[in-house]
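A.B. asks: What follows is a protein structure lacking sequence information:
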């Protein structure tokens, strides 16, 4: 039964991976990648590692893929355009590397199954949620807490960098240092064909806009 489930979920993972590569629409490719992650989670369950399966679904198929799909939809990415292949040698190189990968996988699977050191029954608690939780809060408590502090520092640093410079009060006016001012903006009675006014410094812009004495932030460029 376990072998049949392995073949089923492995086939699903391979099929979704092929679909992800073959899809021309990035959104469909991302959805296929979610199928790969879920198939891998099912494989972890068959290997008696439910914690890793839950992390696979929650972190990868959940949080990360939601971010990927959000970015794809935000950028409004269309279907990719097929461009002529510049390096035609990449195709045989990719086929050769894929063949090597499959050969290594078959070699490892065969010798692991044939090795006398391979356990015939699953009596270990490695991968179980209870054993991982006990290890985190006993043997690996210090590294776990250090990692938590590092993540907290990263969050605080990101917030600090995002707020650096502060918010400007509503009465402050931002004045760029160089800009081209349309004459009809400065003077509504001016003719539309009148030449614009070029201001090179913040002081010139203040003088033209009548902002002398008004609190502002200058930006000379």
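C.D. replies: Yep, that arrived. Note that the coordinates shown come from a computational prediction; the quantities given were computed from them, not determined experimentally.
A.B. asks: quick one: low-confidence ranges for this protein?
C.D. replies: 77-83, 85, 115, 117-127, 164-221 (pLDDT under 70).
A.B. asks: care to break this structure down by domain?
C.D. replies: Following automatic domain parsing, one finds the domains of the chain at 1-79, 125-166, 173-219.
A.B. asks: Show me the helices in this structure, by range?
C.D. replies: Under the criterion DSSP state H, the chain carries helices at the ranges 2-22, 26-46, 50-55, 65-75, 90-114, 129-136, 141-163, 183-186, 202-209.
A.B. asks: Show me the contact partners of the second one.
C.D. replies: By that I understand helix 26-46. 2, 5-6, 9-10, 12-13, 15-17, 19-21, 23, 50, 52-54, 56-57, 60-61, 65, 68-69, 72-73, 77, 80, 127 (CB atoms under 8 Å, 6 or more residues apart in numbering). Quick note: C-beta positions are derived from backbone N, CA and C, even for glycine.
A.B. asks: Can I have the buried ones of the residues you listed as a ChimeraX selection?
C.D. replies: To isolate the buried members of the contacts of helix 26-46 in ChimeraX, using 16 or more other CB atoms under 10 Å:
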select :9,12,13,16,19,20,23,52,53,56,57,60,61,65,68,69,127
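A.B. asks: quick one, what contacts the closest residue to residue 39 other than its chain neighbours?
C.D. replies: The shortest distance from residue 39 to any non-neighbouring residue, by CB to CB, 6 or more residues apart in numbering, is to residue 13 (3.7 Å). With contact taken as CB under 8 Å, 6+ apart, residue 13 is in contact with 35, 36, 39, 40, 43.
A.B. asks: With residue 56 instead?
C.D. replies: 37, 40, 41, 44.
A.B. asks: For burial, what's the neighbour tally of the nearest residue to it once chain neighbours are set aside?
C.D. replies: Residue nearest to residue 56 in three dimensions, not counting chain neighbours: residue 41, with 4.1 Å by CB to CB, 6+ apart. Residues lying near residue 41 (other CB atoms under 10 Å) number 22.
A.B. asks: Over to residue 103?
C.D. replies: The burial count for residue 103: 10, using other CB under 10 Å.
A.B. asks: Give me the distance between it and residue 130.
C.D. replies: Distance of residue 103 to residue 130, given as CB to CB, to the nearest Å: 38 Å.
A.B. asks: Over to residue 13?
C.D. replies: Taking CB to CB, one finds residue 13 at 27 Å from residue 130.
A.B. asks: likewise residue 142?
C.D. replies: The value you get for residue 142 to residue 130, if CB to CB is used, is 21 Å.
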